[in-house]
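J.: Requesting a structural model of the entry that follows:
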Amino acid sequence: MEYSVHVRMNERLFLRDPEGSDLGRRIVRQGILLFDEVGFEEATFRKLADRMGTKEASIYRYFENKHRLLVYLIAWYWQWLDFQLVFQTNNLNDPADKLEKLLNLLLLTDIDQPLSDDIDVRALHNIVVREASKAYLTRHVTEDNRQQLFKPYKDLCTRIADIILAYRPDYPYARSRASSLIETAHYQTFFMDNLPSLTDFGNPKDEKKLFDFVRHLLFSSLESPVFVE
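T.: Now for the predicted structure:
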């Protein structure tokens, strides 16, 4: 199914709103494809400009540098995922069913054509798996956080924590479980694809086994006794 999602972005992420012009929209969409194909380290604005048939200087009018573009893309994905979680669990009453849906969304297992306003969300998911931690593992993370550049990620974690608490109201580590669930799902996906000896489902690749592991990790922790001094 194809659908359009309008994501409102933090204005501190860009110099000029890329969604306000055809060139800006192309920068975002072609930037996703470039980062997916060559990786963040190998990507440059010159390569992106060559890919688009434009001048490198035109990209700098929209984004200060490629790290800012990466943070923009990652933030866009978190907001898209947050929207999908709300939309796809709206008619679900059982928190357990909502958590199951969450796992499918995190691993992108139940969306045949995850398209949104012609953005390749599957390619963007690949970027999130490989590059998301690079958005905040920097020396200027405190200043970036002050500018609320990571608010979409924190909002998503809060929403997941709320579902966890609906499932088990006395669970004392809901926020930690929410963020660690996201990171585990993505790190294990990365290991499966690139460092298979660090997983039990990487050689050969087994997405179903990965899903079962993440599901076990989530529900076993929520169903186990917790002792808090």
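J.: so where do the strands sit in this structure?
T.: Remark: strands assigned in the chain by DSSP state E are 115-116, 119-120.
J.: Of all the residues in stretch 175-193, which ones are buried?
T.: 175, 177-182, 184-192 (16 or more other Cβ atoms under 10 Å). Any C-beta I mention is one placed from the backbone N, CA and C, and that applies to glycine too.
J.: quick one: which two of those residues are the most distant?
T.: Greatest spacing in the buried residues of stretch 175-193, by Cβ to Cβ: R175 and M192 (26.3 Å).
J.: related to what we said a few turns ago, least confident of the strands of the chain, on average?
T.: Averaging pLDDT over each of those singles out strand 115-116 as the lowest, with a mean of 53.
J.: Report the contact partners of the closest residue in space to K134 that isn't next to it in sequence.
T.: In this structure, K134 finds its nearest non-sequential neighbour in F40, 6.0 Å apart by Cβ to Cβ, 6 or more residues apart in numbering. F40 makes contacts with 66, 70, 127, 130-131, 134, as judged by Cβ atoms under 8 Å, 6 or more residues apart in numbering.
J.: So which helix or strand of the protein has the lowest pLDDT on average?
T.: Least confident element among the helices and strands of the chain, by mean pLDDT, DSSP states H and E: strand 115-116 (a mean of 53).
J.: mind exporting stretch 168-176 as CSV, just the C-alpha atoms?
T.: Extracted C-alpha coordinates of stretch 168-176, given in CSV (Å, rounded to 0.1, in the frame of the first residue of the first chain):
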residue,chain,number,x,y,z
ARG,A,168,3.1,-4.2,32.8
PRO,A,169,2.4,-1.1,34.9
ASP,A,170,4.9,-2.0,37.6
TYR,A,171,7.9,-2.4,35.3
PRO,A,172,10.5,0.1,36.5
TYR,A,173,12.7,0.3,33.4
ALA,A,174,10.3,1.2,30.7
ARG,A,175,12.4,3.9,29.1
SER,A,176,15.6,1.9,29.2
